[in-house]
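S.K.: Let me see the structure of the following:
(2 chains)
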Protein chains: 2
Amino acid sequence: MDDINLSSSRRAFLRGSVALAGATAAGGAAASQPDPLITELQDWASITGEGVDETPYGLPIEFESDVIRRNVPWLTADPISSINFTPIHALDGTITPQGCAFERHHSGAIELRKEDYRLMINGLVDTPLVFTYEDIERFPRENHVYFCECAANTGMEWAGAQLNGVQFTHGMIHNMEYTGVPLRLLLKEAGLDRAGDLSDKWVYVEGADASSNGRSIPMEKALDDVIVAFKANGEALRKEHGYPVRLVVPGWEGNMWVKWLRRIEVTDMAVESREETSKYTDVLEDGTARKWTWVMDAKSVITSPSPQSPIPHGPGPLVISGLAWSGHGKITRVDVSKDGGMNWETARLGKQGDSKALTRFYLDTEWDGEEMLLQARAMDETGYVQPTKDALREVRGENSVYHNNCIQTWFVNKDGEAENVEVS
Amino acid sequence: MDDINLSSSRRAFLRGSVALAGATAAGGAAASQPDPLITELQDWASITGEGVDETPYGLPIEFESDVIRRNVPWLTADPISSINFTPIHALDGTITPQGCAFERHHSGAIELRKEDYRLMINGLVDTPLVFTYEDIERFPRENHVYFCECAANTGMEWAGAQLNGVQFTHGMIHNMEYTGVPLRLLLKEAGLDRAGDLSDKWVYVEGADASSNGRSIPMEKALDDVIVAFKANGEALRKEHGYPVRLVVPGWEGNMWVKWLRRIEVTDMAVESREETSKYTDVLEDGTARKWTWVMDAKSVITSPSPQSPIPHGPGPLVISGLAWSGHGKITRVDVSKDGGMNWETARLGKQGDSKALTRFYLDTEWDGEEMLLQARAMDETGYVQPTKDALREVRGENSVYHNNCIQTWFVNKDGEAENVEVS
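M.R.: Numbers count the residues shown, from 1 in each chain, chains lettered A, B, ... in the order given. Predicted coordinates for the structure are as follows:
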């Protein structure tokens, strides 16, 4: 860019701009004086930019190349069983773009064409059925924004402040607009008369990948808000998100949102598969395990400032921002503390979204330039209040991995840098 | 994939599946018998899939490679002044992924670093200011889903049914969750006392690209819901969407949503720039032009079936789906006709979203396999009803290009193929 010869009139205008800014530095509380060097760089206004015909699917600009999903290599034994964390430290609003949305896979992401796709519904149904992709598209569809959170999100933090970045402590979550067919419509197509009393029946759902990732879901939930989804944020599911069809189980742990959905069996008892016995149960202090902990309780976290998103400026106006969510419904309030939980201020919530979806919160505040112990605390429409880590450990001990929804603390130093810490 | 040797037990299971489907073909209204050949292809369940560590930013699966923005080469003189149309025929729900979202550029997409970014507010303000990107991030933010529609969307159709694809007739639109600072907060930071009575004042907004694309906006709108936005669907704006900062002017024509926003001048009259005189005005039958036609009136279109999205199955259950929107507020009702406007059925609206945002509608119907003349007709909260093309021509003549919000007709033949046609 440096070899572009700026016209003299252009230079004159830019010099004018700098002078203007100089004259106003005292007046603008949050506006700063531009660097005069910028006059050497503004070739973008005197030449034409790039046509975008050659980028049929637009990618983020090169300057944002660090805003990507990342994994933690030591967390799983092999990359074919891995986790991609959403870069929530760098996002705002509530929607997660599918390209950087959290996903977990147990035996790799498989490639399954729509033409080859089949969904079987069998077991205690009047007429076992096999649906093609086209068949599913012929049923009435719904659209809902829902969060999908891994039960293991924040799991490493039981043992202390371990991972220095909100992407890694809380990034096993995404929030997308899912489009699909309510599962109850497909179950009714197969007929549930044979199942008799539905109050004690289950569905067992499994994927087409080698892990199959089978899970049991009570019929009551299956007939409520579960969706057989084929789009996320308007477009087809990415391969790693279960193309062409995945299950959406609103408010419940992500492991149940079976990808590459292959089979739904109506049963009279839970299957008690690997994924709901040896995994995805919470081991308590006495060695016994909590069973059937499906719902993701209310939780929140400050995404900025955070270890990957330090304060880039000095004292004065500061926007503290974060996310809150509850598997039980809507978020009604989020409080923020700057002193590790001694004093709380109520944050401003972004617009009320769907139930069981991410809510963005902001605290528009003044930073005095001193150290802070930042915390956020969410409340949902059931009256539930997000607990401290101490309170959670008191009930659940320290053996747990899953369902850690405790209050997170960031220590912010005078330079605006943040660190993952634990306070008692 | 064909060289994978399926185990005999796997083959046995799959053959079982086919037999099951055969037994149920009569029972399932919308489920069909799978092709036995599929047994040769299902290697995905016996081997592990791909780890996704090597795709830091996830792209659509290869099978969806035709779901991309496209342009119409003859529409503009040069690719640096071009339009990318959203593939709305292939999308569902309401959110447009940024990677395939409509955008129009007048002198190419420029590359502007956050560090180099400056926004000047000058003119009739108490203190002219220059903001850096960081400065803007220190003001309170809001999140809203809004549609952005080019005034020229559907413009080629004034002269008849010209473009055979809803992507091209109606794809100059996108719908994203925008995050940014209300413009009124930045204007107040500069101070508006000097401007005096605000009811007759304007802001003139321009971009940092060579075209500058300057537009005049009445102060009333500037102080209402206009946003200085830096994120779309949670992440940074793509380069072609105005990285790092663009203007969002809810409900008003896309040309006013200035990208690479550089300057906002408070003025006592409209500038009457090229973009609001020789362009973006509507020439009437008598040669005079309508002035200040900012709001995008209520409009709707059926996205499926449509010329690029034929009905892939025979008679029986059919989901007719489309989009509706209004720059005046919320969509309250959409009707669908199968006979070119003689009879209408009220469609089911997807969940009520934000005002001035896309609303998805569905008509869950039975197709008798006969020809159809499909139309959709939107109504908004002001009581406005989307007009026919004849009604619009009666008022506006046939010289217009911009603000064509008339009812669109697709002819669907017995094979389910659709064609862009005109009915009177």
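
S.K.: For the nearest residue to A:Gln408 once chain neighbours are set aside, which three-state class applies?
M.R.: With sequence-adjacent residues excluded and distances taken as CB to CB, 6 or more residues apart in numbering or on different chains, A:Gln408 is closest to A:Val301, at 5.0 Å. All C-beta atoms are positioned from the backbone trio N, CA, C, and that covers glycine. Following DSSP: H, G, I helix; E, B strand; the rest coil, A:Val301 is assigned to strand.

S.K.: For A:Val301, list the residues it contacts.
M.R.: A:88, A:166, A:169-170, A:322-323, A:376, A:408 (CB atoms under 8 Å, 6 or more residues apart in numbering or on different chains).

S.K.: which phi and psi does the residue nearest to A:Arg215 when sequence neighbours are not counted have?
M.R.: In space, A:Arg215 comes closest to A:Met256 once its chain neighbours are excluded; the distance is 4.7 Å by CB to CB, 6+ apart. In terms of degrees, to the nearest 10, the main-chain angles of A:Met256 are phi -80, psi -10.

S.K.: coming back round to it: show me what the residue nearest to A:Gln408 is bridged to.
M.R.: A:Val301 has these beta-bridge partners by DSSP bridges: A:Leu323.

S.K.: before we move on, the earlier item: would you check that the residue nearest to A:Arg215 makes contact with A:Leu247?
M.R.: Yes - between A:Met256 and A:Leu247 a contact is recorded at 7.2 Å, counting by CB atoms under 8 Å.

S.K.: So if I had to pick from the two, which one is more boxed in?
M.R.: A:Leu247 (25 against 22; other CB atoms under 10 Å in any protein chain shown).

S.K.: Quick check: that one vs B:Gly350, distance?
M.R.: 20 Å (CB to CB, to the nearest Å).

S.K.: again, but for A:Gly191
M.R.: 28 Å.

S.K.: Please identify which of these two sits among more neighbours.
M.R.: Shown here are A:Gly191 and B:Gly350; by other CB under 10 Å, B:Gly350 has more neighbours (24 against 18).

S.K.: element containing the closest residue to the more buried one other than its chain neighbours?
M.R.: Once flanking residues are discounted, B:Gly350 sits nearest to B:Arg360: 3.7 Å by CB to CB, 6+ apart. Taking DSSP states H and E as the criterion, B:Arg360 maps to strand B:359-367.

S.K.: list the buried ones in that strand?
M.R.: For strand B:359-367, a neighbour-count test (16 or more other CB atoms under 10 Å in any protein chain shown) marks B:359-363, B:367 as buried.

S.K.: got it, and stretch A:390-398?
M.R.: Under 16+ other CB under 10 Å, the buried positions of stretch A:390-398 are A:392-393, A:396.

S.K.: neighbouring contacts of that stretch?
M.R.: By CB under 8 Å, 6+ apart, the surrounding residues in contact with stretch A:390-398 are A:158-159, A:282-286, A:290, A:404-406, A:424.

S.K.: now do 7 Å
M.R.: Stretch A:390-398 is touched from outside by A:158-159, A:282, A:284-285, A:404, A:406, A:424, with contacts defined as CB atoms under 7 Å, 6 or more residues apart in numbering or on different chains.

S.K.: For those residues, give me TSV that also has pLDDT, distance to A:Pro310 and neighbour count.
M.R.: Listed next are the contacts of stretch A:390-398 as TSV, based on pLDDT from 0 to 100; distance: CB to CB, whole Å; neighbours: other CB atoms under 10 Å in any protein chain shown:
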residue	pLDDT	distance to A:Pro310	neighbour count
A:Trp158	90	26	19
A:Ala159	86	25	12
A:Asp282	88	34	19
A:Leu284	91	38	15
A:Glu285	89	37	13
A:Asn404	97	25	24
A:Cys406	97	23	21
A:Ser424	77	25	8
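
S.K.: Kindly reformat those as JSON lines containing secondary structure.
M.R.: Shown next, in JSON lines, are these (three-state DSSP):
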{"residue": "A:Trp158", "secondary structure": "helix"}
{"residue": "A:Ala159", "secondary structure": "helix"}
{"residue": "A:Asp282", "secondary structure": "strand"}
{"residue": "A:Leu284", "secondary structure": "coil"}
{"residue": "A:Glu285", "secondary structure": "coil"}
{"residue": "A:Asn404", "secondary structure": "coil"}
{"residue": "A:Cys406", "secondary structure": "coil"}
{"residue": "A:Ser424", "secondary structure": "coil"}
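
S.K.: Closest one of these to A:Met296?
M.R.: A:Asn404 (10.6 Å; CB to CB).

S.K.: hang on, the earlier thing: contacts only, for the residue nearest to B:Gly350.
M.R.: A:143, B:93-94, B:323, B:350.

S.K.: If we use 6 Å, what do you get?
M.R.: Applying CB atoms under 6 Å, 6 or more residues apart in numbering or on different chains, we find B:Arg360 in contact with A:143, B:94, B:350.

S.K.: Report the secondary structure state of the first one.
M.R.: At A:Asn143 the chain is in strand, as set by three-state DSSP.

S.K.: I'd assumed B:Gly93 was in contact with it.
M.R.: Yes - taking CB atoms under 6 Å as the definition, A:Asn143 is a contact partner of B:Gly93 at 4.4 Å.

S.K.: Please see if stretch A:135-145 touches chain B.
M.R.: Yes - residues of stretch A:135-145 contacting chain B under CB under 6 Å from any CB of the partner chain: A:135, A:138, A:140, A:143.
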